[in-house]
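K.L.:
sequence and predicted structure below; questions after.
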Amino acid sequence: MTALMDRIADLALKRGRLVITVFAALTLLAGAGLVRLRLDNSITAMYPDNSTAAALQTEAENTFGSGKLLIAVVEGDIYSPKGLSDLHRLTASLTAVDGMRRVTSAANASVMTDDDGLLRIDALVDPQHLGPEDIARIRSFLATSDLYGHDRFVNRAGTAASIVMQIDPTADAGPVLRSVDRVLASDWTGPAHVAGNALVEVEMGRTVRHDFPVLVSLAAVLILAMLFLNFRSVQGTVLPMVTVVLGLIWSMGAMGWLGQGITTLNIVGPVAILAVGSSFSLHLLGRYYFDLAHGRGKTDAIRLAVRETGLGVLISGVAITAAMCTLFLSSMPTVRVLALFTGGGVFTSLVASLLLLPAILVLLPAPKHVPDPASPKFMERLLRRLGTFVSRRRRAILIAAGLLAVLAAIGAARIVPDTAVLSYFGKNSAVRQSYDVVERTFGGSSQIEVLVTGDLNDPGLLGAMLAFERGVDALPAIGSSTSIADVIQTIHGTLTGQSGLPRTRQGVAQELLVYQMSGDVSDITQFMTLDASQGIVEITTSAHSTAALHQVFGEVQRIAAATIGNRAELGYTGLALLQLAIEKALLHDFILSLTLAIAVVIVIDSLVRSVSAALVTILALLLTIVLQYGVLGFLGIPLDLATMLLGALAVGVGDYAIHLTVRYLEERRHSSTAEAAMEQALATSGRSILFTALTLGAGFASMITSSFIPIRTLGSLMTFTVASIGIVSLTLLPAACLVFLRDPRSPRPIHREVSHRA
């Protein structure tokens, strides 16, 4: 490893201009990819690969025309001439919106009547005939209809009406939603509320466009403040930012060239790159300024910074990159993009810190006033006293850490996962308030779709589907359910005057043919294929947490087994179940990425000195990971799309503890005792670890201002995590080194000429 670091130092010192030129050219090339970047705010970006629910959702969209869903609830005196007339006009205007596939409301509902063996299909609402008798007829029909009943379109009190809109899956939901808002504002005088997955997608896009530049700018400002506090010079503040800006440009440019989009989760990426990348230069500059302040020449100071401190930077940087890249094994595209974005940016910052930074320092004159990283002296004295305290209380510290880990594990066991999309928005946000109104009024704003494959001309299967609907409608979490069985039951009642279904397959087929001759065939094809081989049951449900959705889905499956049984093959999809698929994938990713990240860090850290040194170093990370998930459990914070990534991010971000281990092992080889070596290590490298924690914490603290609840939570927890790693690295890690690494073996001699470390 020493030979490698010497080659890197030689390249920067002897070919500095070439290094700068190559970095400039590559940055221009990567920067050209920035114009190709796009925003991907679709919920489908979160769908896991090979998800049955996602595949069935695509099948449902292609077969039955179900697309992006919007549900509007308008409030007012619905059962009045003005209310019904306005609802009719509003429905027509919404139908005319570009990108709208289908709009359904009480205003465009149809009434079937028997016309001498043929069906006559008339509009339920005629704006020209809205007298008292007409309104009473409309109200009675909507209350008793098999197809439109169960308060599906107008609530029982007549104070609110729902309008269900299906947007074409290929349409951009943003312009469609803006048109819907304009129509609602112009064509309806009372309150109007909108819910649905299309609204969530649009609001997520708006928030990303707002949060992305704000969080990046705030993180940069906070990190600059910490760097200035550390180095107290313009050079020491600006140079680290050069390396991380390159990391951002290269990673985002690569995303643009690869055609990847910025998703909601990618907000984490630039903050992590800024925070972690700046820590590499912080350690190198600290060593450089230390040697300058203690009489070394500029060239020698640069060489020693790269050769000695750079070794720890290289190992920790590679470990951090590898830990973050474990997320690339995720089955979710959005998580893989995050791994590409963050891992690539961090690695670029690492390379720039080891090559570009020293090359720039070669060209810059040595500062006339060198800020000594060992000052102020009170900090050195404080760290030496800490070293003395740790030496005397090493076993007590280890015991206390073990007890703390047990307590945190108890809290971690209380964590409940929740990947519901609505959890991204605060309870007082406009999105959540609209959803609350829709669900309070009509019982549901999300969907479970049941694909039924079988002989839908079979009266037995149709009857089973009706029994299934009655069963799920009785569940408190369900709003309503509809299928082709309701349509056929309505047709049969109209033609025969009898309730129920035709008794034979031929009867079912004949009545459907009669309807198609008189009505709109899309009324059939939205629920069933024309060959009667597949149908869909649409169920509206509340947008619960995923824990509640598990219970609801379990009940739906139980009722399906009891009613439909083996009469048909059933498949389940819909936004509600896609959220459960996301949760399952994330739980898998959480376990896989965390385990691999820990293993990778141990292997890579072992390259520094030994496996035992790596295992001791990883103690700080393991305790911190247990602590952060214990906090989640005790505070009742759910395990969601962001916090499930917390472990792998913490392992990557927190590997700066290796710098103290490296420093201690080097001092141990020319110190009389392990205690003296640790005291010296804390007095020198301890300061860099402290400011690394402050810099990382400041960067992640910027995410606390995010509008997304999971990102805000992740920012708070990562700030806690970084602070915890800093504290543990200065207490538990030294204690563990003094107990388990008292007499380490060295693979190479340590020269006295480099005994002073930053």
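P.N.:
Okay, I see it. Numbering: from 1, shown residues only.
K.L.:
give the contact list for the spatially closest residue to residue 341 that is not a sequence neighbour.
P.N.:
Excluding the flanking residues, the one nearest residue 341 by Cβ to Cβ, 6 or more residues apart in numbering is residue 269, at 4.1 Å. No exception for glycine: its C-beta is placed from N, CA and C like everyone else's. Residues near residue 269 by Cβ atoms under 8 Å, 6 or more residues apart in numbering: 251, 338, 341, 342, 345.
K.L.:
point out the least confident one among those residues.
P.N.:
Least confident of the contacts of residue 269 in the model: residue 338, at 85.
K.L.:
the helix or strand where residue 381 lies - contacts with which helices or strands?
P.N.:
According to DSSP states H and E, residue 381 maps onto helix 377-392. Under the contact criterion of 3 or more Cβ pairs under 8 Å, 6 or more residues apart in numbering; DSSP states H and E, helix 377-392 touches helix 674-701, helix 732-740.
K.L.:
the helix or strand following that helix - contacts with which helices or strands?
P.N.:
Proceeding N to C from helix 377-392, the next assigned helix or strand is helix 394-412, under DSSP H and E. Judged by 3+ Cβ pairs under 8 Å, 6+ apart, helix 394-412 is in contact with helix 611-635, helix 732-740.
K.L.:
relative to helix 732-740, how tilted is helix 394-412?
P.N.:
130 degrees (axes from the mean of the first three to the mean of the last three Cα atoms, to 10 degrees).
K.L.:
returning to what we had before: most packed of the helices and strands packed on helix 377-392?
P.N.:
helix 674-701 (a mean of 25; mean count of other Cβ atoms under 10 Å).
K.L.:
what secondary structure does the residue found closest to residue 203 once you drop the neighbours it is linked to in the chain sit in?
P.N.:
Leaving aside its chain neighbours, residue 203 sits nearest to residue 431 (5.2 Å; criterion: Cβ to Cβ, 6+ apart). Per DSSP: H, G, I helix; E, B strand; the rest coil, the secondary structure class of residue 431 is helix.
K.L.:
what distance do you get for residue 431 to residue 261?
P.N.:
21 Å (Cβ to Cβ, to the nearest Å).
K.L.:
which of the two has more neighbours?
P.N.:
Neighbour count, other Cβ atoms under 10 Å: between residue 431 and residue 261, residue 431 has more, with 20 against 17.
K.L.:
the host helix or strand of the residue nearest to residue 341 to helix 674-701, inter-axis angle?
P.N.:
Secondary structure from DSSP H and E places residue 269 in helix 268-293. On the basis of the same axes, to 10 degrees, helix 268-293 is oriented at 140 degrees to helix 674-701.
K.L.:
only the C-alpha atoms, please, for stretch 2-16, written as PDB.
P.N.:
What follows is stretch 2-16, C-alpha atoms only, in PDB (Å, rounded to 0.1, in the frame of the first residue of the first chain):
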ATOM      1  CA  THR A   2       2.900   2.300   0.700                       C
ATOM      2  CA  ALA A   3       4.200   1.900  -2.800                       C
ATOM      3  CA  LEU A   4       0.800   2.800  -4.200                       C
ATOM      4  CA  MET A   5       0.600   6.000  -2.100                       C
ATOM      5  CA  ASP A   6       4.100   6.900  -3.200                       C
ATOM      6  CA  ARG A   7       3.100   6.600  -6.800                       C
ATOM      7  CA  ILE A   8       0.000   8.700  -6.300                       C
ATOM      8  CA  ALA A   9       2.200  11.400  -4.600                       C
ATOM      9  CA  ASP A  10       4.700  11.300  -7.400                       C
ATOM     10  CA  LEU A  11       2.000  11.700 -10.000                       C
ATOM     11  CA  ALA A  12       0.500  14.700  -8.300                       C
ATOM     12  CA  LEU A  13       3.900  16.300  -7.500                       C
ATOM     13  CA  LYS A  14       5.600  15.700 -10.900                       C
ATOM     14  CA  ARG A  15       2.700  15.800 -13.300                       C
ATOM     15  CA  GLY A  16       0.500  18.300 -11.500                       C
END
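K.L.:
what mean pLDDT does it have?
P.N.:
89.
K.L.:
off-centre distance for that stretch?
P.N.:
Taking Cα atoms, centre = their mean, to the nearest Å, one finds the center of stretch 2-16 at 40 Å from the center of the full chain.
K.L.:
buried residues in it?
P.N.:
5, 8, 9, 11, 12, 13, 16 (16 or more other Cβ atoms under 10 Å).
K.L.:
can those go into JSON lines with extra columns for distance to residue 643 and secondary structure?
P.N.:
Compiled in JSON lines, the buried residues of stretch 2-16 are given as follows (distance: Cβ to Cβ, whole Å; DSSP: H, G, I helix; E, B strand; the rest coil):
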{"residue": "5", "distance to residue 643": "37", "secondary structure": "helix"}
{"residue": "8", "distance to residue 643": "37", "secondary structure": "helix"}
{"residue": "9", "distance to residue 643": "41", "secondary structure": "helix"}
{"residue": "11", "distance to residue 643": "41", "secondary structure": "helix"}
{"residue": "12", "distance to residue 643": "40", "secondary structure": "helix"}
{"residue": "13", "distance to residue 643": "45", "secondary structure": "helix"}
{"residue": "16", "distance to residue 643": "44", "secondary structure": "helix"}
